[in-house]
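S.K.: Take this sequence and fold it.
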Amino acid sequence: MAQPVAFNVLRGSSTADLILASDFAAATGRTVGSFSDLIPKVPTSEAVWETRPPAPGDRSADDHLDRWAAEARASGMTVRCVLGYCVGSVFGAGLVERISAWQEPPALIVFDPEAPHPALLHRHYLDAIGALTGFLTADQATAARTDGDAALAERTAMPELAKVLSDLVVAHGEPALTRIGLAADRSAELLGGFRAFLSYLVSAAELDPGRGWAAATAITSASEHNGLNTLPAGRREGVVAREIRFDLPHAELLRAPEVAAAVHDLLIEGAR
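M.R.: Numbering: from 1, shown residues only. Next comes the predicted model:
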């Protein structure tokens, strides 16, 4: 069959079975593990497709889900499982709901699942500034963080906050990257990727993943500011059907062999 347009193919297969992986698969600037790290460690026969990030802009969550689901259906394959990472777990739940319209519901495995909120956008802004600190003076880095803190304090609407934080990354990052001689097109690619990522987070906030997560298995890191670890104990109960915890940082969750082994076991369990 033709290569999919809405997905990156992480593994091809001659079988009629498919696994979908939902994540913002950035080509540049990513420091945390990805499904490209996990899937080669999982000895499964199914094809694995990873969602391609949407283009920047104000397109809705339904637009993204419709595009991904339509291509999965057109493949003629049976979707056996959907994987979701961080906010990709929100879209993962949406994909399961869409796919259930034409086949039996696939299993859902989520990794540090988290719904987007203003503080999450701010946290990713600080991560972006942290990635630029090697090119900023101490005073410049402090000013960038202060600007981000002020943006979070002054704005609660996520679309507006995302725009302001994206503009701040450009305002602080573009001069720094120019000073080190990075080509303008390369600089625009790096900084534009952050804007696209925040747009992705904002669109995910349109969805309620509660019903999908309630039937899912969650794989949780030890990082207190990620996934289910951000919830108070009283709210954590019942969010997912099953939780498997690992003493690993969030950034390493998709790189760890022991996590890959757990995923393999879950896939075998689901095939029975």
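
S.K.: At which residues are the helices of the stretch 1-150 of the chain located?
M.R.: Counting by DSSP state H, counting those that start in this stretch, the stretch 1-150 of the chain has helices at residues 35-38, 61-74, 88-99, 118-132, 138-154.

S.K.: Of those helices, which is nearest Ile180?
M.R.: With distances scored as CB to CB, the stretch of the helices of the stretch 1-150 of the chain nearest to Ile180 is helix 118-132 (10.3 Å). Bear in mind the C-beta positions are built from the backbone N, C-alpha and C, glycine included.

S.K.: what helices or strands is the closest one leaning on?
M.R.: Applying 3 or more CB pairs under 8 Å, 6 or more residues apart in numbering; DSSP states H and E, we find helix 118-132 packed against helix 138-154, helix 158-179, helix 184-204.

S.K.: for the shortest one, packing partners?
M.R.: In terms of contacts (3+ CB pairs under 8 Å, 6+ apart), helix 138-154 is packed against helix 118-132, helix 158-179.

S.K.: follow-up on the earlier one: between the helices and strands packed on helix 118-132, which has the poorest mean confidence score?
M.R.: Among the helices and strands packed on helix 118-132, helix 184-204 carries the lowest mean pLDDT, at a mean of 89.

S.K.: ok, longest strand in this structure?
M.R.: If you go by DSSP state E, the chain has its longest strand at strand 78-85.

S.K.: Can you tell me the strand partners of that strand and which way each runs?
M.R.: strand 17-22 (parallel), strand 107-111 (parallel) (DSSP bridges).

S.K.: Quick one: residues contacting the nearest residue to Lys41 once chain neighbours are set aside.
M.R.: Nearest residue to Lys41 in three dimensions, chain neighbours excluded: Ala260, at 3.5 Å (CB to CB, 6 or more residues apart in numbering). Residues near Ala260 by CB atoms under 8 Å, 6 or more residues apart in numbering: Leu38, Lys41, Val42.

S.K.: again with Leu198
M.R.: Leu121, His124, Ala162, Leu165, Ser166 are the contacts of Leu198 under CB under 8 Å, 6+ apart.

S.K.: what about it, distance to Gly148?
M.R.: According to CB to CB, to the nearest Å, Leu198 and Gly148 sit 12 Å apart.

S.K.: Give me the common contacts of these two.
M.R.: Common neighbours of Leu198 and Gly148 (CB under 8 Å, 6+ apart) are Leu165.

S.K.: ok, and what's touching the lowest-mean-pLDDT helix or strand in the chain?
M.R.: One helix or strand of the chain scores below all others by mean pLDDT, DSSP states H and E: helix 233-236, with a mean of 86. If you take CB under 8 Å, 6+ apart as the criterion, helix 233-236 is touched by Leu228.

S.K.: Figure out which of the strands paired with strand 78-85 is closest to Leu248.
M.R.: For Leu248, the closest of those is strand 107-111, at 10.7 Å, according to CB to CB.

S.K.: Averaged pLDDT, the closest one. What do you get?
M.R.: On average, strand 107-111 scores 98.

S.K.: Return the angle between stretch directions for it and helix 88-99.
M.R.: Angle, strand 107-111 to helix 88-99, by axes from the mean of the first three to the mean of the last three CA atoms, to 10 degrees: 170 degrees.
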